[in-house]
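S.K.: Generate coordinates for the sequence data below:
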Amino acid sequence: MKRQSILIVFLMVAMGACFLFQKNLTKERAIFLKDNDMGYVLPSKIAGPLSLEFSGIVSDFLFLKVSTFMGTKFIQNEKFEKNHADVIYDAIDILTDLDPWFWDAYLLADTVLTWDFKRIDLANKLLFKAREHRTNDFQVPYHIGFNYFYFLKDNANGAKYLLEAARLPKAPAYLSGLATRLSMYQNQYKPAILFLNDIIQTTQNPELRKQFERRLKTLMIMDTLEKEVQEFKKTFGIFPNQLSDLVDRGLVESIPYDPYGGKFVLLKNKRVYTTSKMIYK
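M.R.: Got it, this is the predicted structure:
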């Protein structure tokens, strides 16, 4: 009985000590995160060997440090300094050296570096790093493509990486449509045609296959018409004023019907376009 009483007292003391230790640890952690600004992070060449087999834990800690730093800025409505973009990039670069498959880290950096700092170069540099490791993750080329399209106004590269994303497992079906519509604006019909030919072969959903086939047919028509526009220039020394000139000069029998219900037209820059914008009405 006496031994049981001693054991109970010992357990109560131990639980109390653990509680105090945990409380103090939480307090010290908060002080540490507050006092340790993002101004310096150990390079991965040093942090890697020092972390030994705990590189995942170290990368988690660095991610916590970065996210806490940025979260504090957002909550307190404080402005970022210009140098913070490089600091954030360096931190994410280091922690993804330790754990190159850490998608949340790449995504956090991409979101902040693009929208808050307008440093698309740094964001894409990290995403290309992710692309080397997360080879079957459609999200990586999708974000690269979006950055090119939305922030850099580069439709050609935007379409290129969206097409890459659409080929990967679990990619949403709409990506192929978005990519091929982007390619339409940069004379990139051939890659889009090849891509749609491939994806039609693997699409099991009959309705989706029908949509892909309609888009493929439209792109093939536009590709053919643009070739005839160039042939017109080569033959007659000038560009046609309108697509009907191709018919008048005997290069085509007629201007095909747009599968989306629009009308094919020749723009001022001599690109073939469709008034439907490849949207079925």
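S.K.: which residue packs closest to L208, ignoring adjacent ones?
M.R.: A173 (5.6 Å; CB to CB, 6 or more residues apart in numbering). Bear in mind the C-beta positions are built from the backbone N, C-alpha and C, glycine included.
S.K.: Can you give me the distance of the one you found to R215?
M.R.: Applying CB to CB, to the nearest Å, the value for A173 to R215 is 12 Å.
S.K.: Those two: who's more crowded?
M.R.: R215 (23 against 14; other CB atoms under 10 Å).
S.K.: Does that one lie in a helix or a strand, and which?
M.R.: Assessed by DSSP states H and E, R215 sits inside helix 206-236.
S.K.: which regions of the stretch 51-200 of the chain lie under the pLDDT threshold?
M.R.: Low-confidence segments of the stretch 51-200 of the chain, defined by pLDDT under 70: 51-61, 63-80, 184-188.
S.K.: change it to 80
M.R.: The stretch 51-200 of the chain contains residues with pLDDT under 80 at 51-82, 173-174, 176-192, 194-195, 198-199.
S.K.: all helices of it, in order?
M.R.: Applying DSSP state H, counting those that start in this stretch to the stretch 51-200 of the chain gives helices spanning 55-75, 83-98, 103-115, 120-133, 139-146, 155-166, 174-184, 189-202.
S.K.: what helices or strands is the last one leaning on?
M.R.: Spelled out, it's helix 189-202. Counting contacts by 3 or more CB pairs under 8 Å, 6 or more residues apart in numbering; DSSP states H and E, helix 189-202 packs against helix 155-166, helix 174-184, helix 206-236.
S.K.: going on from the longest one, what's the next piece of helix or strand?
M.R.: It refers to helix 206-236. Next along from helix 206-236, by DSSP H and E: helix 244-248.
S.K.: domain assignment for the chain?
M.R.: 48-135, 137-202, 217-281 (automatic domain parsing).
S.K.: could those domains be laid out in JSON lines, adding distance to K210?
M.R.: Formatted as JSON lines, those follow (distance: least, CB to CB, whole Å):
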{"stretch": "domain 48-135", "distance to K210": "31"}
{"stretch": "domain 137-202", "distance to K210": "10"}
{"stretch": "domain 217-281", "distance to K210": "10"}
